[in-house]
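*Asks:* Dropping the sequence and predicted coords here.
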Amino acid sequence: MDTTAYQKTPMTKDEFFYAYRQLAATTERHILLESGRGGEMCIAGIDPLVTAQAKERGLLLQWRDGREELLTGEDPLVLLNGLLEQYKLAHHENLPAFQGGAIGMISYDYVRRYETLPTLADDDLLTPDTYFYLFDQWAVLDVKSETVYFMALPDKQSSLETMRDEWTVAAKEGLASRKFSTGQAVDVEVTEEDLQVSVTGEQFEQMVRDVQQFIAQGDVVQVNLSVRQSKPVQAPSLLMYEALRSFNPSPYMAYMAAPEFEVVSGSPELLLKKRGNELSTRPIGGTRKRGMTEAEDQALQQELISNTKEKGEHKMLVDLECADFEGICKPGTVEVDEFMVVEKYSHVMHLVSNVRGTAASDNYAEIIRGVFPGGSITGDPKLRTMEIIEELEPTRRGLYTGSIGWIGFDGDMELNITIRTAYIQEGMVHIQAGAGLVPDSDPAAEYEESLNKAKALWQAKEMAEQIIREEQLR
């Protein structure tokens with residue numbers, strides 16, 4: 001087994017981002033995963049050795065040198081595992097958790113590879129079921145020590161010093177041209193009149209009533225329904241991401257650039273974390289907007305944690321995640337080690353819990369299938385709610401409520417639930433957001449909540465476009 005060589009140098013989180021921003025300008029394929037708050041590391045890869053994209057009958061490998069290879073099989077994650085197994089590296093305890101592997105995304109519709117769902121919604125964005133990059137050189141920032149580690153596959157390890165020097169120079173150049181001050185944001189009004197929406201407020205309210213009818217009939221306990229909001233964009237997507245990270249740092253931020261699309265994500269929610277044989281997930285359920293004053297904020301928080309509806313809905317989600325974990329963990333190891341804590345973001349606050357367990361298998365595709373997609377963004381029971389989502393939502397979800405993250409050569413992984421995310425394609429920004437529906441949900445309020453959850457991303461878009469307008473006037 002090859003040993004992971006590395007170079008390291010001191011670097012702050014901002015220096016790491018701005019170095020990435022500078023260096024990524026030279027290629028159309030790159031990805032950044034950032035721990036916006038409370039996380040342990042940030043990961044960046046530029047110009048991948050191979051792009052692994054799901055196709056109908058397999059996994060298409062596109063190599064940097066232009067070669068293409070189609071691996072045939074039903075499950076692209078199983079095929080991806082076969083690719084990763086060719087690059088086994090010894091794991092270093094003194095390095096950050098990610099020491100090489102695949103970085104990318106899983107679409108919500110990947111679930112169709114192993115569950116039978118109706119095909120009613122319009123697949124208008126044609127989002128691939130999976131899309132991953134494998135790099136021969138990559139950078140990982142240890143957030144706590146403010147140290148960046150540069151790592152590589154064996155045949156590229158001789159150039160790690162050069163990589164370290166390039167990143168050091170790029171960090172200085174990037175910081176000198178930063179566009180946004182931390183914490184500052186413009187305000188925007190998010191209304192149906194300003195957007196192209198997949199469903200109108202009136203239609204969404206009828207969808208809520210339809211769900212409540214399904215609940216009354218005993219089909220389901222709760223369903224998460226969403227609305228997609230779209231607008232043309234006149235600014236680079238990476239500038240939009242730069243704006244978002246400046247005022248709304250979230251635990252699972254991501255930026256991804258591909259020839260066919262770009263992704264700007266500020267997700268707060270963990271789908272699955274695996275370290276060795278230890279698994280954890282962090283369901284979110286229960287939302288309030290942030291207050292305009294400290295007193296109002298505290299009042300809203302108190303109302304959230306004392307609200308019987310929100311607590312009941314949240315407990316149901318935790319029970320659902322525990323049930324999913326029971327299917328992939330050793331008997332007697334599943335536990336809730338954090339229950340209904342409040343996490344606050346720039347526009348909303350959430351009730352959050354943490355579920356953990358010990359994996360019964362090393363097969364990461366099997367583990368992912370056991371929890372994907374997350375119960376907090378489908379409902380209970382999961383399969384029936386996905387059938388209802390397909391029936392009521394007019395367009396396929398694509399990346400929304402899928403996952404972005406990494407799968408390591410060593411089998412460790414960390415995957416978010418892709419909410420609070422913009423999918424940019426052919427000059428249009430698509431942002432989807434939803435709400436968990438129960439018998440006493442207010443249809444109009446649920447629609448308003450869905451629009452409000454996307455507000456930070458629309459602010460980031462406006463801030464990026466404002467910069468472009470100012471530069472054009474100079």
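*Replies:* Cool, the structure landed. Since the structure is predicted, the reported quantities are computational estimates derived from the model, not experimental observations.

*Asks:* Residue 373 falls within a helix, correct?
*Replies:* No. Assessed with DSSP: H, G, I helix; E, B strand; the rest coil, residue 373 is coil; it does not lie in a helix.

*Asks:* if I pick it, what's in contact with it?
*Replies:* Taking C-beta atoms under 8 Å, 6 or more residues apart in numbering, we find residue 373 in contact with 108, 111, 271, 382, 386, 401-403, 417. Heads up, the C-betas are built off the backbone N, CA and C, glycines and all.

*Asks:* cool, residue 289 as well?
*Replies:* 300, 347-349, 452.

*Asks:* Go again with 6 Å.
*Replies:* residue 348 (C-beta atoms under 6 Å, 6 or more residues apart in numbering).

*Asks:* What distance do you get for it to residue 194?
*Replies:* Using C-beta to C-beta, to the nearest Å, one gets 19 Å for the distance from residue 289 to residue 194.

*Asks:* Likewise for residue 97?
*Replies:* When residue 97 is compared with residue 194 (using C-beta to C-beta), they lie 41 Å apart.

*Asks:* Looking at these two, which one has more neighbours?
*Replies:* residue 97 (19 against 13; other C-beta atoms under 10 Å).

*Asks:* Please identify the helix or strand for the more buried one.
*Replies:* Residue 97 is part of no helix or strand when elements are defined by DSSP states H and E.

*Asks:* Now it. Nearest residue, chain neighbours left out?
*Replies:* Once flanking residues are discounted, residue 97 sits nearest to residue 412: 5.9 Å by C-beta to C-beta, 6 or more residues apart in numbering.

*Asks:* Can you pull out the low-pLDDT segments for the stretch 201-350 of the chain?
*Replies:* 346 (pLDDT under 70).

*Asks:* gap between whichever strand or helix holds residue 165 and the chain center?
*Replies:* Assigned by DSSP H and E, residue 165 belongs to helix 160-176. The chain centre lies 27 Å from the centre of helix 160-176; the measure is C-alpha atoms, centre = their mean, to the nearest Å.

*Asks:* Wasn't residue 7 part of a helix?
*Replies:* No. Assignment of residue 7 by three-state DSSP gives strand, placing it outside any helix.

*Asks:* I'd like to know the beta-bridge partner residues of it.
*Replies:* residue 150 (DSSP bridges).

*Asks:* Looks like it contacts residue 150 (just checking).
*Replies:* Yes. At 4.6 Å, residue 7 counts as touching residue 150 under the criterion of C-beta atoms under 6 Å.

*Asks:* Overlap of the contact sets of these two?
*Replies:* 160, 164.

*Asks:* So for these two, which residue has more residues nearby?
*Replies:* Between residue 7 and residue 150, counting by other C-beta under 10 Å, residue 150 is the more crowded of the two (23 against 19).

*Asks:* quick revisit: rebuild the contacts of residue 373 as JSON lines, extending it with secondary structure, distance to residue 59 and neighbour count.
*Replies:* Formatted as JSON lines, the contacts of residue 373 follow (DSSP: H, G, I helix; E, B strand; the rest coil; distance: C-beta to C-beta, whole Å; neighbours: other C-beta atoms under 10 Å):
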{"residue": "108", "secondary structure": "helix", "distance to residue 59": "18", "neighbour count": "26"}
{"residue": "111", "secondary structure": "helix", "distance to residue 59": "17", "neighbour count": "21"}
{"residue": "271", "secondary structure": "strand", "distance to residue 59": "21", "neighbour count": "30"}
{"residue": "382", "secondary structure": "helix", "distance to residue 59": "25", "neighbour count": "20"}
{"residue": "386", "secondary structure": "helix", "distance to residue 59": "24", "neighbour count": "22"}
{"residue": "401", "secondary structure": "coil", "distance to residue 59": "22", "neighbour count": "27"}
{"residue": "402", "secondary structure": "coil", "distance to residue 59": "17", "neighbour count": "28"}
{"residue": "403", "secondary structure": "strand", "distance to residue 59": "17", "neighbour count": "29"}
{"residue": "417", "secondary structure": "coil", "distance to residue 59": "23", "neighbour count": "31"}
